[in-house]
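Engineer: next one to model:
(one chain, ligands or ions: 1)
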Amino acid sequence: MNNIKLIDSHVNFGHELLAENSKNIIQESIENNIIGMLCVNSNLLEFSNDLRIISDYDLIDITIGHHPNYVNQMNILDMESLLDKNLSQNSKIVAVGETGLDFYYDTDKNKQIESLEIHLEKASQFSKPVLIHMRDSEDEIFPILKKFRQRVPQILVHCFTGTDEFAKKCIDLDCYYSISGIITFKNAVKLRETIKKLPINRVIFETDSPYLTPDPHRGKVNYPKYLELILIKYCEILSLDLEEMASISNDNYNKLFSKIVK
Ligand SMILES: [Zn+2]
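Structural biologist: Reported below is the predicted structural model:
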């Protein structure tokens, strides 16, 4: 294998498949040339637990947010006060999210919209980029993102799986995109075409561990060490040089989250 250094922009360290073994997973990631990771908090009730898992590691950043599919677990006022409290106290938080709209599952749509708007308000107030989860909700989410675009520093569409049309609209808003293992899946023919249209200076990579394990490990637990497989596929699709793209995506990550370039 080569010596490509990469940053994994989406790891669900709080997930039980990773949490119990996090020390070893982090060590193994470092040994596999992962130079940075973003621990994504998707349940505000578990934020302190996520923070505890990663707090000893300078190479791991964290986000704060409540996933659209969990919005029934808490009311908007509690959500707002937890976001307020932690965003004002914790300098390890680099972004607000994940938040967004997911209409694939049957979660109250209005509550999801309300939650998304609170997250965008807080991102604006604390001047943080927002990490967006979008599934089966392109038409509903876009006007909301557009409305807040001028007020938040950046929007990251995580695990990009949008249509050509959605990509075009997001490009108009100058968003960032994270590319996941889905691009390695056999049936992702359309997605492989769409991602060609995304500007490479706005692209970063994510494993979304423990989910979305790239081929040829599909069906098993995903880990940050598999990130390179996603980069390799992306570069194959766009005919790009691996090392060059790795360095571009790391710079993109650092720019997006206002980090010192590694
Ligand atoms: Zn997500």
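Engineer: the helices in this protein, which residues?
Structural biologist: For the chain, the helices defined by DSSP state H cover 16-19, 22-31, 47-54, 76-89, 109-126, 138-148, 164-172, 189-194, 227-238, 242-256.
Engineer: which of the ones you listed sits closest to L156?
Structural biologist: helix 242-256 (6.4 Å; CB to CB). No exception for glycine: its C-beta is placed from N, CA and C like everyone else's.
Engineer: quick one: distance of the closest one to the chain centre.
Structural biologist: 15 Å (CA atoms, centre = their mean, to the nearest Å).
Engineer: show residues contacting that helix.
Structural biologist: 2, 4-7, 9, 35-36, 38, 129, 154, 156, 176, 200-205, 231-232, 234-235, 238, 259-262 (CB atoms under 8 Å, 6 or more residues apart in numbering).
Engineer: how many residues are close by L256?
Structural biologist: 22 (other CB atoms under 10 Å).
Engineer: how about low-confidence regions in the stretch 51-200 of the chain?
Structural biologist: For the stretch 51-200 of the chain, no stretch is flagged by pLDDT under 70.
Engineer: could you list the paired strands of the strand ranked longest in the chain along with their orientation?
Structural biologist: Under DSSP state E, the strand in the chain containing the largest number of residues is strand 93-102. If you go by DSSP bridges, strand 93-102 pairs up with strand 60-64 (parallel), strand 130-135 (parallel).
Engineer: those strands: which one's closest to F103?
Structural biologist: Among those, strand 130-135 comes nearest to F103, with 6.8 Å by CB to CB.
Engineer: and the contacts of that closest one?
Structural biologist: So strand 130-135 is in contact with 40, 63, 65, 67-68, 95-104, 119-120, 123, 141, 145, 148, 152, 154-159, 161-162, 166, going by CB under 8 Å, 6+ apart.
Engineer: and with 6 Å instead?
Structural biologist: 63, 95-98, 100, 102, 104, 123, 141, 152, 155-158 (CB atoms under 6 Å, 6 or more residues apart in numbering).
Engineer: mind picking the two most distant members of those residues?
Structural biologist: Y104 and V152 (24.7 Å).
Engineer: and those two? which has more neighbours close in?
Structural biologist: Neighbour tally, Y104 and V152, criterion other CB under 10 Å: the higher count belongs to V152, 22 against 11.
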